[in-house]
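A.B. asks: Got a sequence here, can you build the structure:
(one chain, ligands or ions: 1)
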Amino acid sequence: MSTTAADTTPRATRQTIDVRPITGALGAEVYGVDLANLSADALARIRQAFLDHSVLMFHGQTLSKEQFADFGRRFGELESEPFLPNKTEVPGIYYLRGAPRDGKSLSTQNLGWHADHSYQKNPSLGAMLYAIDIPPCGGDTLFASNYLAYEGLSQPMQDFLEDKIGIHDVLQYGLNSGHHSTSSVKAIEMLKAMRERYPQVEHPLVCRHPETGRKMLYINCAWTTAIKGLSHAESSAILAMLKAHTIKDIYACRFRYQPGSLLFWDNRAVQHSPNSDYTGQRLMWRLALHSSWEPGQ
Ligand SMILES: [Fe+2]
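C.D. replies: Have a look, this model is predicted:
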């Protein structure tokens, strides 16, 4: 919509939002919106787009940390991150810093595909990243749809999984990700602290999204470690198949950042994978949103 000098409509109500899906699977870019000056109509459009597309990217935003936190709070309470050390002066906002080691890729530190906090009784609703300093290339984030993963299974497999329970265990973060060397005393102390704070939890493998009501496969490659009641061999084989299935290209999308990009994903409906393939500096601000949702409830 063009604006003329005669147009006296307040800026916050003039926004015409353009939601452009980036794949046939999930993810959309949202144009025509200033997240620091949101009208009620614009916010309602964003809420619906969030549920429809699971991941939204807003480019060209100019936000202070307080404005970033304000936008997050439109969707929920900000979650504290006890094991993220890089707090900012604004509660709930964290620095996410990456830098090359000896000029080499960060790929050995890659956590890989996961859903934030699935090892909690109440996993995060979602998370936001706001890009401050971005390398010339690399550092994209990949997403895969839990809805499509479920819908892509055969009917007999859907039926088999319907009443099965997944075990989610925080310790896989330390053991599988390469974030911590388990030979380090400090790392072992951290893993012990994680275990004390987060005992194993159980979530159904198949559940409905609490807002869309759509069925989804609720597993992730990092923290779903077993299927309750099955033998170790049975559980390992089926989970390996399911994990490979959930991240197929046809269920996935990929976002590239620019300085000023804000990415917002529905942690209940997707897995994500941060790609640590860049060799320059990168700085993002991060927030996560608390949820009272318990999968299967
Ligand atoms: Fe994450």
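A.B. asks: Tell me where this protein has helices.
C.D. replies: Shown for the chain, the helices assigned by DSSP state H span residues 40-53, 65-73, 146-151, 155-161, 171-177, 185-197, 232-246.
A.B. asks: Can you convert those helices into TSV and add a column each for mean pLDDT and distance to Gln258?
C.D. replies: For every residue, glycine as well, the C-beta is placed using N, CA and C. What follows is these, written out as TSV (pLDDT from 0 to 100; distance: least, C-beta to C-beta, whole Å):
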stretch	mean pLDDT	distance to Gln258
helix 40-53	97	19
helix 65-73	98	16
helix 146-151	98	27
helix 155-161	98	39
helix 171-177	65	27
helix 185-197	82	34
helix 232-246	98	28
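A.B. asks: Deepest in the core, which of those is it.
C.D. replies: helix 146-151 (a mean of 21; mean count of other C-beta atoms under 10 Å).
A.B. asks: and Asp140, which of the helices of the chain is closest to it?
C.D. replies: For Asp140, the closest of the helices of the chain is helix 40-53, at 17.2 Å, according to C-beta to C-beta.
A.B. asks: The closest one - contacts with which helices or strands?
C.D. replies: In terms of contacts (3 or more C-beta pairs under 8 Å, 6 or more residues apart in numbering; DSSP states H and E), helix 40-53 is packed against strand 18-21, strand 28-31, strand 55-58, strand 262-266.
A.B. asks: Quick one, which of these gets closest to Leu142.
C.D. replies: Closest to Leu142 of the helices and strands packed on helix 40-53 is strand 55-58 (C-beta to C-beta; 10.0 Å).
A.B. asks: If you average the pLDDT over that closest one, what comes out?
C.D. replies: Summarised as a single mean, pLDDT over strand 55-58 is 98.
A.B. asks: Residues contacting that strand, please?
C.D. replies: For strand 55-58, the external contacting residues (C-beta atoms under 8 Å, 6 or more residues apart in numbering) are 19, 22, 26-30, 33, 35, 46, 49-50, 143, 253, 255, 261-266, 270.
A.B. asks: what do you get for stretch 227-244?
C.D. replies: 113, 149, 164-167, 202, 205, 217, 219, 221, 224-226.
A.B. asks: Need the helices and strands packed on helix 40-53 in JSON lines (columns: distance to Pro91 and mean neighbour count).
C.D. replies: Rendered in JSON lines, the data for these read as follows (distance: least, C-beta to C-beta, whole Å; neighbours: other C-beta atoms under 10 Å):
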{"stretch": "strand 18-21", "distance to Pro91": "31", "mean neighbour count": "14"}
{"stretch": "strand 28-31", "distance to Pro91": "26", "mean neighbour count": "18"}
{"stretch": "strand 55-58", "distance to Pro91": "23", "mean neighbour count": "24"}
{"stretch": "strand 262-266", "distance to Pro91": "19", "mean neighbour count": "25"}
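A.B. asks: Out of those, which is closest to Ser80?
C.D. replies: With C-beta to C-beta as the measure, strand 262-266 is the member of the helices and strands packed on helix 40-53 nearest Ser80 (19.0 Å).
A.B. asks: re earlier: CSV for the helices of the chain, including distance to Arg97?
C.D. replies: Below are the helices of the chain laid out as CSV (distance: least, C-beta to C-beta, whole Å):
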stretch, distance to Arg97
helix 40-53, 27
helix 65-73, 15
helix 146-151, 29
helix 155-161, 39
helix 171-177, 17
helix 185-197, 18
helix 232-246, 29
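A.B. asks: Appreciated, that's everything.
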